[in-house]
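[1] Give me the fold of what follows.
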Amino acid sequence: MSRIKKLEQKLFTNPIRNDMTFDEIAVLANAYGCVIRHGGNHTCIVSIETGRVIPIPRHGKCVKEAYIKQLRDLFEEIGETQEVDL
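    Residues are numbered from 1 along each chain as shown. Model prediction:
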């Protein structure tokens, strides 16, 4: 199984995990075609397809559950639009 598939599995498990790191989120965001912008205490995940921006505060190593949920919703939305385009 590829690293992307393992990270997707980790992201989409229920209940929402709170042990995902910024590096893992960055790998997934790049796989889904998102751009990562750094600035101050926040990292922004920007979806080129949908235009959505999700700011994630960098306090510690792991991303909090609320931001994981927002990212799940964003990646599901991107996945749906990619399936329609096929």
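
[2] Where do the helices of the chain begin and end?
    Ranges of helices in the chain, per DSSP state H, are 3-11, 22-31, 65-85.

[3] Just want the angle from the shortest one to helix 22-31.
    In this structure, helix 3-11 runs at an angle of 120 degrees to helix 22-31, with axes from the mean of the first three to the mean of the last three C-alpha atoms, to 10 degrees as the basis.

[4] Please point out which parts of helix 3-11 sit buried.
    For helix 3-11, a neighbour-count test (16 or more other C-beta atoms under 10 Å) marks 7, 8, 11 as buried. Every C-beta, even on glycine, is put in place using the N, C-alpha and C of the backbone.

[5] try the second one
    Within helix 22-31, the residues that qualify as buried by neighbour count (16+ other C-beta under 10 Å) are 22, 24, 25, 28, 29, 31.

[6] Contacts only, for the closest residue to the last one other than its chain neighbours.
    Yep, that's residue 31 we're talking about. Nearest residue to residue 31 in three dimensions, chain neighbours excluded: residue 4, at 4.9 Å (C-beta to C-beta, 6 or more residues apart in numbering). Applying C-beta atoms under 8 Å, 6 or more residues apart in numbering, we find residue 4 in contact with 27, 28, 31.

[7] Tell me the confidence at residue 4?
    Looking at residue 4, its pLDDT reads 83.

[8] Residue 2 versus residue 71, what's the distance?
    Between residue 71 and residue 2 the computed distance is 19 Å (C-beta to C-beta, to the nearest Å).

[9] The two: which is more packed in?
    residue 71 (21 against 8; other C-beta atoms under 10 Å).

[10] hmm, back to that, export the helices of the chain to CSV and append columns for distance to residue 39.
    Below are the helices of the chain laid out as CSV (distance: least, C-beta to C-beta, whole Å):
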stretch, distance to residue 39
helix 3-11, 24
helix 22-31, 14
helix 65-85, 16
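
[11] Could I get the contacting residues of the most centrally placed residue in the chain?
    Residue closest to the mean C-alpha point of the chain, counted by C-alpha atoms, centre = their mean, is residue 71 at 4.2 Å. Residue 71 sits next to 11, 25, 28, 29, 45, 54, 63 when contact means C-beta under 8 Å, 6+ apart.
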